[in-house]
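Participant: Take a look and give me a structure for this.
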Amino acid sequence: MSSNLFKATFISPVIETKYLSLHKGKDTYFPHSDQSAEELLQEAEQQAAEIVLQAQMKAAIEKEQAAEELEKWKLLEQEKVTAQMEEIKQQGFQQGYEEGIQQAHHDYAGRIELAQEVLEKAYEEKKAIIKESEPFVIDLSIQTAAKVIQKELAANPEVLLHLIKQSLLYSNERSSISICVSPDDYEFVQNQRNQILESVEGQVEVKILPEHSIEEGGCVIRTSYGSIDARIDVQLKEIKQALLKTLRDDTYEQAAADHI
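Facilitator: Numbers count the residues shown, from 1 in each chain. Prediction:
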């Protein structure tokens, strides 16, 4: 069975395709839940932000500790150099004293340079670890949100009914509307047909169709104007792509700033 579902980016200007966003507020998707989809997603995103923030704070603390250790090491090495110079001077060997001074300074400069390189490398590795973890945190947040939403849909089937009604509000169709749902939800939605018809204006033909490409808890509203895709997995995917794009943009801006 071929699907007539299409997105707005592939439709001619006279065709209007609309997508529902998950960020519609508490009453949009979870009328019987203490938390809305927006709150659940915000909670998952907040947890992700806290993970990154903790990693950044840890890196900052380690950076400060490393700097303190470097200063202590510098002082210790300087004390050693001073002691060496004093020892050579006390021996009264002018030539040896001068050569010792030069050698001590050379050794000291070499050790300082090596220590700086090691410290800078450690900083860069820390930044890379934090940056590499951000896509993982985003993915984990989306997966967590999907599980929470699916659990809510399973516990409250009426959430799907509310989702369908809200989707119909975006439709200007005046002739025929097809409501496509998961085969697992078909019987439930069919039994709620009268409630659904109350959300439709005028004499509009409403068809309720099962479609295997739609996961449980989601729906697609098809009209002559286009499609309204309210599938949970599709909307979560769009949120994930938006977050990753923001992350890439931030990374590009940071890289540009580093080269100024």
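Participant: Averaged pLDDT, the helix or strand where Lys121 lies. What do you get?
Facilitator: For Lys121, the element it lies in under DSSP states H and E is helix 94-155. Summarised as a single mean, pLDDT over helix 94-155 is 75.
Participant: and the following helix or strand past it, how far out from the chain's middle?
Facilitator: With elements assigned by DSSP H and E, the helix or strand that comes after helix 94-155 is helix 158-168. Centroid separation for helix 158-168 versus its chain: 27 Å, with CA atoms, centre = their mean, to the nearest Å.
Participant: helices and strands around helix 158-168, which ones?
Facilitator: helix 26-29, helix 94-155, strand 176-181, helix 183-191, helix 193-197, strand 219-223 (3 or more CB pairs under 8 Å, 6 or more residues apart in numbering; DSSP states H and E). In this view, the C-beta of every residue, glycine as well, is placed from N, C-alpha and C.
Participant: Of all these, which one is nearest Ile61?
Facilitator: Nearest to Ile61 among the helices and strands packed on helix 158-168 is helix 94-155 (10.7 Å), distances taken as CB to CB.
Participant: just the angle between that closest one and helix 158-168, please?
Facilitator: Using axes from the mean of the first three to the mean of the last three CA atoms, to 10 degrees, the inter-axis angle of helix 94-155 relative to helix 158-168 is 90 degrees.
Participant: other SSEs contacting helix 94-155?
Facilitator: Short answer (3+ CB pairs under 8 Å, 6+ apart): helix 94-155 packs on helix 37-91, helix 158-168, helix 232-258.
Participant: now the helix holding Lys121: how far from the chain's centre is it?
Facilitator: 22 Å.
Participant: And stretch 153-166, by the same measure?
Facilitator: With CA atoms, centre = their mean, you get 26 Å for stretch 153-166.
Participant: Adding mean neighbour count, write the helices and strands packed on helix 158-168 out as a markdown table.
Facilitator: Listed next are the helices and strands packed on helix 158-168 as a markdown table, based on neighbours: other CB atoms under 10 Å:
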| stretch | mean neighbour count |
| --- | --- |
| helix 26-29 | 17 |
| helix 94-155 | 14 |
| strand 176-181 | 21 |
| helix 183-191 | 15 |
| helix 193-197 | 12 |
| strand 219-223 | 22 |
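Participant: secondary structure element for Ser227?
Facilitator: strand 226-229.
Participant: Parallel or antiparallel, list what pairs with that strand.
Facilitator: According to DSSP bridges, strand 226-229 forms sheet pairs with strand 18-19 (parallel), strand 219-223 (antiparallel).
Participant: And those, which one averages the lowest pLDDT?
Facilitator: strand 18-19 (a mean of 40).
Participant: taking the helices and strands packed on helix 94-155 together, which one is wrapped up most tightly?
Facilitator: helix 158-168 (a mean of 20; mean count of other CB atoms under 10 Å).
Participant: Hey, what's the angle from that helix to strand 176-181? Just curious.
Facilitator: Using the same axes, to 10 degrees: helix 158-168 against strand 176-181 is 150 degrees.
Participant: Quick one: mean pLDDT for helix 158-168?
Facilitator: The pLDDT scores in helix 158-168 average 85.
Participant: Excluding chain neighbours, what is closest to Ile228?
Facilitator: Ile221 (4.1 Å; CB to CB, 6 or more residues apart in numbering).
Participant: ok, what's across the strand from that neighbour?
Facilitator: Following DSSP bridges, Ile221 is listed with bridge partners Ile179, Ile228.
Participant: can you offset everything so residue one is 52?
Facilitator: In the new numbering, first residue 52, that becomes Ile272.
Participant: Settle this for me: it is touching Glu262, isn't it.
Facilitator: No - the pair Ile272 / Glu262 is not scored as a contact, 11.8 Å apart, by CB atoms under 8 Å.
Participant: Touching both of the two, which residues are there?
Facilitator: Cys231 (CB atoms under 8 Å, 6 or more residues apart in numbering).
Participant: measure Gln154 to Gly161 for me?
Facilitator: 11 Å (CB to CB, to the nearest Å).
Participant: can you check Leu212 too?
Facilitator: 75 Å.
Participant: that's a strand at Ile259, yeah?
Facilitator: Yes - using DSSP: H, G, I helix; E, B strand; the rest coil, the assignment for Ile259 is a strand.
Participant: Appreciated, that's everything.
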